[in-house]
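Participant: have a look at this fold, sequence not included:
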């Protein structure tokens, strides 16, 4: 009865893990508990002795280490199992890097938006030119209260903004 329930539960687990459809099952000799993992145990199909391991894929047994195989077949099964693990780990690392890059891009956009907002507020606080045409003196008067470093920073923000708008990244 216990084995039937265990196999039924294992079958349900295997079906529910579409991304990790392959499951490895073995008896933990230290605790006496059945262990399930999406990763092969270190001894799987190696020359090292280890507990009998059953491999399920989509609810069906596809390997049983109690069945002796020629060395080449054992090595091929082992290599295949660990290649899948390596591939999955690489995919997870790529996704993690993509998420970090997206967070950094959003952080930079927020910093640029904040810099632009500071610039706008400083421009609004600056004395407004007289009505009519704007002269060089009027522009100089507008930037008079700003130090050279702030003027350069504002030029940089405006340049970045123009680049984003030209490349279609910014939204008007």
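Facilitator: Sure thing, it's come through. Not measured: the values here are computed from a predicted model.

Participant: output the contacting helices and strands for the strand or helix carrying residue 84.
Facilitator: Per DSSP states H and E, residue 84 falls inside helix 71-125. Helix 71-125 sits against helix 148-167, with contacts defined as 3 or more C-beta pairs under 8 Å, 6 or more residues apart in numbering; DSSP states H and E. The way it works is simple: take the backbone N, C-alpha and C, and place the C-beta from them, glycine included.

Participant: count the residues that sit near residue 24.
Facilitator: Neighbour count for residue 24, taken as other C-beta atoms under 10 Å: 19.

Participant: tell me the secondary structure of it, please.
Facilitator: Following DSSP: H, G, I helix; E, B strand; the rest coil, the label given to residue 24 is strand.

Participant: residue contacts, it?
Facilitator: Residue 24 sits next to 36, 37, 38, 39, 40, 41, 44, 53, 54, 55, 56 when contact means C-beta atoms under 8 Å, 6 or more residues apart in numbering.

Participant: how about it: which residues does it bridge to?
Facilitator: Beta-bridge pairing for residue 24 (DSSP bridges): residue 37, residue 55.

Participant: what's the closest of the contacts of residue 24 to residue 126?
Facilitator: Using C-beta to C-beta, residue 38 is the member of these that lies nearest residue 126, at 62.4 Å.

Participant: any regions of the chain where pLDDT drops low?
Facilitator: For the chain, the stretches with pLDDT under 70 are 1-20, 127-145, 168-172.

Participant: show me how it divides into domains.
Facilitator: 2-68, 108-167 (automatic domain parsing).

Participant: want to throw the contacts of residue 24 into TSV with distance to residue 153 and neighbour count?
Facilitator: Output for the contacts of residue 24, formatted as TSV (distance: C-beta to C-beta, whole Å; neighbours: other C-beta atoms under 10 Å):
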residue	distance to residue 153	neighbour count
36	57	17
37	54	14
38	51	16
39	51	16
40	55	22
41	57	19
44	59	21
53	62	21
54	64	19
55	60	20
56	61	22
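
Participant: circling back: among the domains of the chain, which is nearest residue 94?
Facilitator: Here domain 2-68 is closest among those (C-beta to C-beta), at 14.9 Å.
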